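Visitor: sequence first, predicted coordinates after that:
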Amino acid sequence: MAKQSNKEDFLGGIRKLFREQWQADVLLKGGDSDELAAISAHKLAGRSMVFKKMMESDEFKASSKLETVTLSEMKHEEVEALVEFMYSIDGSISSDSLKKHVRSLYLAADKYEIPHLRDLCRSELISSLKPSNALDILELAQIPFDQALHSSAFTTIKANISTIASSAEFKLFVVNHPNLTVEIIKASLTPPPKSIINADA
């Protein structure tokens, strides 16, 4: 039997529940939100193994009140985008939300083990690559290591090294990521392979 894709796994979970506020049994809020701004949601076990473990814990089950889970690393609107995505019917997210919150959603997808969301965020990050954000995306690709994202960002940096190397961002990057800086410099100094010379020329 063929292995299901991340999207197929994702779509096997809860459907059509985000807008149905009745029977909500958990509240989610961002690190910048108060209790009144918490978002009502159903249990998210069908979408995330981390949420599944959290919500099936004895402490969570024993509570007689609606529990509030704080996603401290996220802002309120980022939590909204995450929850709406997790309840989407087709495993998609609006282009505007993805572009606006892609970094936060990429990190959340890794932390809360939502592979399909990570796939979508990776695609958006790669399509948005340019000299001005390549260092930031290369850094992001290390948390944890993402080969596809790393390679794409590295290629962009190498192709635009003369512009990037003179930027303030690169100076800071050198301090924070000396090993990656060495890789970049080595790759930039390596001459391209010589083309084969026609013997008849």
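Guide: Looks like it arrived, so ask away.
Visitor: so residue 27, which of the three states?
Guide: strand (DSSP: H, G, I helix; E, B strand; the rest coil).
Visitor: report the beta-bridge partner residues of it.
Guide: Judged by DSSP bridges, the bridge partners of residue 27 are residue 40, residue 68.
Visitor: got the contact list for it?
Guide: Listed by C-beta atoms under 8 Å, 6 or more residues apart in numbering, the contact set of residue 27 reads 35, 38-41, 66-69. For every residue, glycine as well, the C-beta is placed using N, CA and C.
Visitor: could you rerun that using 10 Å?
Guide: Residues in contact with residue 27 (C-beta atoms under 10 Å, 6 or more residues apart in numbering) are 35, 37-41, 65-70.
Visitor: can you give me the helices in the protein?
Guide: 6-11, 49-55, 58-62, 76-86, 95-111, 115-127, 134-140, 147-159, 161-164, 168-176, 178-189 (DSSP state H).
Visitor: any low-confidence regions in the chain?
Guide: 1-4, 7-25, 42-46, 191-201 (pLDDT under 70).
Visitor: change it to 90
Guide: 1-29, 31-70, 83-92, 94, 143-144, 188-201 (pLDDT under 90).
Visitor: let's check: the centremost residue of it is which one?
Guide: Nearest residue to the geometric centre of the chain (C-alpha atoms, centre = their mean): residue 106, 0.7 Å.
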